[in-house]
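> Let's see this in three dimensions:
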Amino acid sequence: MKAVAEALLYGMQDLDSLVAIHNRITSITPQLEPVKIPEGVPELTPFRFNAEDYDKAFLKGGANVC
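This is a model prediction of the structure:
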């Protein structure tokens, strides 16, 4: 019941999440506190994949390989 209650608390509705929560609750591994990032660490900007840059680097400038 505790696993179901925690799953509902986090909005988890899939079986895999429920099994993972149950395994975490019933395992003998100690519960660790979440790691906190120290102040002053800059925020990372999201990486954006550009297919044209990939083509230029690995397919010799976007040449037709077919």
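
> Tell me how far Tyr10 lies from Ala51.
Tyr10 is 36 Å from Ala51, where distance means Cβ to Cβ, to the nearest Å. Any C-beta I mention is one placed from the backbone N, CA and C, and that applies to glycine too.

> meant to ask about Met12
With Cβ to Cβ as the criterion, Met12 and Ala51 are 34 Å apart.

> the more surrounded of the two?
Met12 (16 against 8; other Cβ atoms under 10 Å).

> What's the mean pLDDT across the longest helix seen in the chain?
The longest helix of the chain (DSSP state H) is helix 15-26. Over the span of helix 15-26, the pLDDT mean works out to 90.

> what's the closest non-adjacent residue to Gln13?
Ala7 (7.4 Å; Cβ to Cβ, 6 or more residues apart in numbering).

> how about the helices in this structure?
Under DSSP H, the chain gives helices at 2-10, 15-26, 51-58.

> where in the protein is pLDDT low?
Residue ranges of the chain with pLDDT under 70: 60-66.

> can you do 80?
By pLDDT under 80, the low-scoring segments of the chain are 31, 54, 56-57, 59-66.

> thinking again about what came up before, burial check on the residue nearest to Gln13, number of neighbours?
19.

> got a list of what it touches?
Listed by Cβ atoms under 8 Å, 6 or more residues apart in numbering, the contact partners of Ala7 are Gln13, Ser17, Leu18, Ile21.

> Not counting sequence-adjacent ones, nearest residue to the third one?
Distance criterion Cβ to Cβ, 6+ apart; nearest residue to Leu18, sequence neighbours excluded, is Ala7 at 5.0 Å.

> Kind regards, and thank you for your time.
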